[in-house]
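Colleague: predicted model and sequence below, questions to follow.
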Amino acid sequence: MKISVSGKGGVGKTTVSANLIKFLASENYQVFAVDADPDTSLGMVLGLPEEELAKQLPVVDMREIIAEKTGGSGAFFSLNPDVGDILDSYTVRQGNINFLKMGAVKQGGSSCYCRENSVLNALVGSLLLRKKEAVLLDMGAGIEHLTRGTAKDVDLMLIVTEPSKVSVQTAKVVKKLAGELGIEKIKIVGNKIRNQKEKDFVYASFPSGDVIGMIDFDEAVLDQAMGLEVQEPQNLSKNIEVLGQQILREVGE
């Protein structure tokens, strides 16, 4: 099961990604959580140790090593004994969660993320998964990753949107580009929903059946983002449980 999460910057994409990763892990999936966003914040939102994240190597550096070990630059890699051990140096593990980051933040004006996008394409396309294994990609904000064909081999793309015209418009553009890439299952997730009017707005903005779930606004999420000691956000937890179960019905194994 391969899932990508996309959306406009600021819609809560990484929060949704992190909580879906935790949900899948709680359902006894081995989850490969891939931070494909140059901002590289997914690991922190997952609550992984900051000292381990600081010394973690980006997966983009793996390409040459694997080419040397496998004797070529064909398929990127599969989880087999020849190259599986290499993954250890690039993974931060916590329970059923295996966290990888595609690259690191570049200096202003230095270069684009073409190489990272290329490696991510190869990674998603050739990763061989067993039953009860999942890949979840937290994509970069906006549409650039789609114009480069990134994550075209996922089983499901989730597009996170807020109840606003601008956010919905971005979601529609992402949905169109994802469809042009051949991604068959594309679903919308409404986030930061405060009332029925906002929920109705999101449903009315997309064709019937496109919206897979809604996540209510939860003040505790903002407190967590500030590093405050708070209980697990109750609204978020309930909504993620419902969304997660719906995802498993769509693409679960």
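Modeller: The structure has been received and is ready for your questions. Residues are numbered from 1 along each chain as shown.

Colleague: I'd like to know how many residues surround the closest residue to S237 other than its chain neighbours.
Modeller: Of all residues not flanking S237 in the chain, N19 sits nearest, at 7.7 Å (C-beta to C-beta, 6 or more residues apart in numbering). The way it works is simple: take the backbone N, C-alpha and C, and place the C-beta from them, glycine included. Number of residues near N19 (other C-beta atoms under 10 Å) recorded here: 24.

Colleague: quick one: secondary structure of N19?
Modeller: helix (DSSP: H, G, I helix; E, B strand; the rest coil).

Colleague: heads up, I number from 5, so please use that
Modeller: Sure, I'll start counting at 5 from here, so that last one is N23.

Colleague: for it, what are its contacts?
Modeller: When contacts are counted by C-beta atoms under 8 Å, 6 or more residues apart in numbering, N23 touches 240-241, 244.

Colleague: can you rerun that using 10 Å?
Modeller: 16, 49-50, 219, 225, 236-237, 240-241, 243-245, 247-248 (C-beta atoms under 10 Å, 6 or more residues apart in numbering).

Colleague: and what of D39?
Modeller: By C-beta under 10 Å, 6+ apart, the neighbours of D39 are 18, 21-22, 45-50, 57, 60, 62-63, 103-107, 141-144.

Colleague: doesn't K176 belong to a helix?
Modeller: Yes. Per three-state DSSP, K176 lies within a helix segment.

Colleague: so for it, what's the pLDDT?
Modeller: For K176, the pLDDT comes out at 96.

Colleague: that one against V206, yeah?
Modeller: No. Counting by C-beta atoms under 10 Å, K176 does not reach V206; the two are 11.9 Å apart.

Colleague: quick one: which of these two has more around it?
Modeller: A count of neighbours by other C-beta under 10 Å puts V206 above the other of K176 and V206, at 23 against 16.

Colleague: dump the residue contacts of the closest residue to that one other than its chain neighbours.
Modeller: Nearest non-adjacent residue to V206, counting by C-beta to C-beta, 6+ apart: G194, 3.8 Å away. Residues in contact with G194 (C-beta under 10 Å, 6+ apart) are 15, 164-167, 171-172, 175, 202-203, 205-207, 209-210, 215-220, 243.

Colleague: what about the contacts of N23, which one has the most neighbours?
Modeller: Highest neighbour count within the contacts of N23: I219, with 24 neighbours (other C-beta under 10 Å).

Colleague: one step back: how much space between the residue nearest to S241 and L52?
Modeller: The gap separating N23 from L52 is 14 Å, by C-beta to C-beta, to the nearest Å.
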